[in-house]
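Participant: Generate a structure from the sequence data that follows.
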Amino acid sequence: MLVLSGSAVISNFKFGCSDKDTFDSRLDGLLALGCGVQSLPSQTMAIYGRQFSYCLPPTPFSSGFLRLGAPGDDSSFTFTRMFRRNTDLTFYYVLLLGIKVAEKPLDIPPSVFAGGSVLDSGTVITRLPTTAYAALSSAFKEEMNGSQADYWTHVFDFGGKDMVMIPRVTLVFDGGVAVELDANGIMLMVESCLAFAASNGASCWG
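Facilitator: Alright, predicted model coming up:
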């Protein structure tokens, strides 16, 4: 039984346990929010209708939230459609229409993203089809004002620089929803490299 509040009680709630893991002392486990039958949204569907919203904090010093159920007032929200594939009922997919770097649309054929992209908050590196990654990395390097970068890995050398200006990267989704990425979603600051990589298969947004 899972008790979320005084009125939200889920009988026969299924979960797994392990006595060996690779988590550090700050983590207690995994919370499944996918489309599978064992996920939290699926098991609480009778109460919350498989609707939820959450915000992952960008830094260890900020807070986020997880809310089950529909929002009370969505007048200030923008929405894009999520869908599933018949061949893969676990993941959520979104339809990306384009990418902008420094407000400039990249020349990526619409067919590149036609099959949808997996939306996965547990992924650190965003995987893009080869054509899209080549366009993004090339435009990003051009906007970095001459910062040297390794051609293959796009690791930048910021030595001797007191301040680094990172160009804006904006994702344009189905429905006209434009999402400007936080700097931490554009670069891995410790490694000084792009938080993107090329993929021969479907794209996956982390």
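Participant: and for whichever helix in the chain runs longest, what are the contacting residues?
Facilitator: Determined from DSSP state H, the single longest helix within the chain is helix 130-143. Here helix 130-143 makes contact (CB atoms under 8 Å, 6 or more residues apart in numbering) with 99, 101-102, 104, 106-109, 112-113, 128, 149, 154, 167, 169, 194, 196-200, 203. Bear in mind the C-beta positions are built from the backbone N, C-alpha and C, glycine included.
Participant: May I have it exported as CSV, CA atoms only?
Facilitator: The C-alpha trace of helix 130-143 is given here as CSV (Å, rounded to 0.1, in the frame of the first residue of the first chain):
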residue,chain,number,x,y,z
THR,A,130,24.0,12.7,-37.1
THR,A,131,22.7,15.5,-39.4
ALA,A,132,21.3,17.5,-36.6
TYR,A,133,24.3,17.1,-34.4
ALA,A,134,26.7,18.2,-37.2
ALA,A,135,24.6,21.4,-37.7
LEU,A,136,24.3,22.2,-34.0
SER,A,137,28.0,21.6,-33.1
SER,A,138,29.2,23.6,-36.1
ALA,A,139,27.0,26.6,-35.4
PHE,A,140,27.8,26.4,-31.7
LYS,A,141,31.6,26.4,-32.3
GLU,A,142,31.2,29.3,-34.7
GLU,A,143,29.4,31.3,-32.0
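Participant: Give me the mean pLDDT for stretch 39-46.
Facilitator: Average pLDDT, stretch 39-46: 90.
Participant: swap in stretch 191-201?
Facilitator: pLDDT averaged over stretch 191-201 gives 82.
Participant: can you give me the end-to-end distance of that stretch?
Facilitator: One end of stretch 191-201 to the other measures 25 Å (CA to CA, to the nearest Å).
Participant: This completes my enquiry, with thanks.
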